[in-house]
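Student: 3D, please:
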Amino acid sequence: MNFNLSEEQNMLKDSVTRFVQDEYDFESRRANAASDLGFNPKNWQTFADLGWLSIPFDEAHGGFGGGATDVMAVMEEMGKGLVVEPFIATVLMFGGLLNKSGNAALQDANIEKVIDGSLQGAFAYLERQSRFELADVKTTAKADGNDFLLNGEKTVVSNGAAANKVVVSARTSGGQCDEAGITLFLIDTDAAGVERTSYRLMDGQLVANIKLTDVRVAADQVLGDVDNGYSIIEAVVADVTIALCAEALGIMQKLTTTTIEYTKTRQQFGVAISSFQALQHRMVDMFMAGEQAKSILYRAVCAAESGADDLAKNIAALKVMTGRNGKLIGDEAIQLHGGMGLTDELDVGHYVKRLMMINTTFGDADFQQKKFNQLSHT
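Tutor: Modelled structure (predicted):
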């Protein structure tokens, strides 16, 4: 099987690489993350001008028409730069839901704005009790004439503080954990009854809790069909999980390279510690862990591109490998840097924190291992 990127994909990857190298040093990243929006709007407009925001969208909407491989190429390089701009939240999650909604009117009204950088979006799906279960939804949407009234609270909404519009999962029928009965609604964040509380996660990302009190939503703002939103969620989460693991791979590669370079400069007993065989073995372990993660990422991307029947199983395996190997690489990077590896002034700890957050998104390695085992016996 040919794993080489096409000429267009290499150009796309190189453009992200150059941006990270020239415009996104560690201090700039820290300033972007600490800003009121949690990212730099100028960078976001640059992403739009370079065409990155158009990658997963159909050409009919002015998009690039890219697939999982194109997204992987971008996310791997963004991972190396620890980019905080909400590419995943706005383009892949919010935009992905619109893409798969089948609602042409909503697509026409919003996708072009995502592509030109004028619309920030988010997906509000987590609740206090739901943990990793996407179908655990207590937020309700009750019909009121031709509208729906939404009540409930969503937590840890990525880009929720900056979003102009949010897709909300709400229960229109069924029990709390039923997959059937979940409906997706597009709401304006400045609508009456919407209350946002923003805060930062350990990796510097700005998120928000969104409380909904009798928020009125018109029926034409439903994504997909009433009661059948879960299948859309599942499809988008699969795509986003692969993208997150591509970001994690970029982080693993960056940590491995940084650690190897550091061991060449740090001296002990008058020689560089890179000359110690025991440490060489540990750095080889880091490299091999990254290569394993890359291999299974490629497998999942190929499964997504071909529409393979075992895609869910491949994604679960990818998440397990990414979580466990990411922990190994992160732990070794901190250990080999010594105490300074944990300081806020050094980028190593920030990369490790981002790996930890990626591991917990959509289910950590242990959760995904159980899921993989279940899929293997069905």
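Student: tell me if Leu150 really is in a strand.
Tutor: Yes: counting by DSSP: H, G, I helix; E, B strand; the rest coil, Leu150 is located in a strand.
Student: ok, it - how many residues close by?
Tutor: Residues contacting Leu150 under the criterion other CB atoms under 10 Å number 23. C-betas here are computed from N, CA, C, even on glycine.
Student: how much space separates it from Ser101?
Tutor: 17 Å (CB to CB, to the nearest Å).
Student: and the nearest residue to Thr361 once chain neighbours are set aside, how many neighbours does it have?
Tutor: Leaving aside its sequence neighbours, Thr361 sits nearest to Leu244 (CB to CB, 6 or more residues apart in numbering; 6.0 Å). Residue neighbour count, defined by other CB under 10 Å, stands at 23 for Leu244.
Student: what's the answer for Leu119, then?
Tutor: Neighbourhood size, Leu119 [other CB under 10 Å]: 19.
Student: where along the stretch 1-150 of the chain do the strands fall?
Tutor: Per DSSP state E, counting those that start in this stretch, the stretch 1-150 of the chain carries strands over the ranges 121-124, 140-144, 147-158.
Student: list the contacts for Ala300?
Tutor: Contacts here follow CB atoms under 8 Å, 6 or more residues apart in numbering; on that basis Ala300 touches 68, 242, 245, 311, 314-315, 317-318.
Student: same question but for Lys353, I mixed them up
Tutor: 202-204.
Student: buried residues, the host helix or strand of it. List them.
Tutor: Assigned by DSSP states H and E, Lys353 falls within helix 347-360. By neighbour count on 16 or more other CB atoms under 10 Å, the buried set for helix 347-360 is 347-359.
Student: would you turn those into TSV with pLDDT and distance to Ala33?
Tutor: Converted to TSV, those look like this (pLDDT from 0 to 100; distance: CB to CB, whole Å):
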residue	pLDDT	distance to Ala33
Asp347	93	12
Val348	94	16
Gly349	94	14
His350	95	9
Tyr351	96	13
Val352	96	15
Lys353	96	11
Arg354	97	10
Leu355	97	16
Met356	97	16
Met357	97	13
Ile358	98	16
Asn359	97	19
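Student: what's the end-to-end length of stretch 111-127?
Tutor: Terminal residues of stretch 111-127 lie 27 Å apart, using CA to CA, to the nearest Å.
Student: which stretches in the protein count as helices?
Tutor: For the chain, the helices defined by DSSP state H cover 7-23, 26-34, 41-49, 68-81, 95-101, 104-115, 230-265, 277-306, 311-337, 347-360, 365-376.
Student: flag every buried residue along stretch 224-243.
Tutor: Applying 16+ other CB under 10 Å to stretch 224-243 flags 224, 226, 229-230, 232-233, 236-243 as buried.
Student: contacts only, for Leu82.
Tutor: Counted by CB under 8 Å, 6+ apart, Leu82 has contacts 26, 29, 251, 347, 350-351, 354.
Student: typed the wrong thing, it's Asp188
Tutor: The neighbourhood of Asp188, defined by CB under 8 Å, 6+ apart, consists of 164-165, 194.
Student: so what sits opposite it in the bridge?
Tutor: For Asp188, the beta-bridge partners are Lys165 (DSSP bridges).
Student: any low-confidence regions in the stretch 1-150 of the chain?
Tutor: For the stretch 1-150 of the chain, applying pLDDT under 70 flags the ranges 1-2.
Student: burial measure for the residue nearest to Asn164 when sequence neighbours are not counted, as a count.
Tutor: Among residues not flanking Asn164 along the chain, Gln120 sits closest, at 5.2 Å (CB to CB, 6+ apart). Gln120 has 24 neighbours, counted by other CB under 10 Å.
Student: just checking, the residue nearest to Thr361 touches Thr360?
Tutor: No: between Leu244 and Thr360 there is no contact under CB atoms under 8 Å: 10.6 Å.
Student: among the helices of the chain, which comes closest to Ala219?
Tutor: Ranking those by their distance to Ala219 (criterion: CB to CB) puts helix 104-115 first, at 11.7 Å.
Student: got the contact list for that closest one?
Tutor: Applying CB under 8 Å, 6+ apart, the contact partners of helix 104-115 are 48, 53-54, 57, 61-63, 90-91, 94-95, 98-99, 101, 119, 121, 165, 186, 220-221, 223.
Student: which one of the buried residues of helix 347-360 is nearest Tyr298?
Tutor: Lowest distance from Tyr298 to these (CB to CB) belongs to Ile358, with 17.9 Å.
Student: who's in contact with the closest one?
Tutor: Applying CB under 8 Å, 6+ apart to Ile358 gives the contacts 244-245, 247-248, 251, 322-323, 326.
Student: from Glu59, how far off is it?
Tutor: Using CB to CB, Ile358 is found at 30 Å from Glu59.
Student: equivalent analysis for Gly174, please.
Tutor: In this view, Gly174 and Glu59 are 37 Å apart by CB to CB.
Student: of the two, give the one with the bigger neighbour count.
Tutor: A side-by-side neighbour count of Gly174 and Glu59, using other CB under 10 Å, places Gly174 first with 14 against 9.
Student: what backbone torsions are found at the more buried one?
Tutor: phi 80, psi -180 (degrees, to the nearest 10).
Student: that one and Thr183 touch, don't they?
Tutor: No: taking contacts as CB under 8 Å, Gly174 lies outside contact range of Thr183: 10.5 Å.
Student: which neighbours do those two share?
Tutor: Common contact partners of Gly174 and Thr183 (CB under 8 Å, 6+ apart): Asp227.
Student: if we can go back for a sec, quick one: the contacts of Leu82 as a markdown table, columns for distance to Met340 too.
Tutor: Shown next, in a markdown table, are those (distance: CB to CB, whole Å):
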| residue | distance to Met340 |
| --- | --- |
| Phe26 | 14 |
| Arg29 | 18 |
| Ile251 | 19 |
| Asp347 | 11 |
| His350 | 13 |
| Tyr351 | 14 |
| Arg354 | 18 |
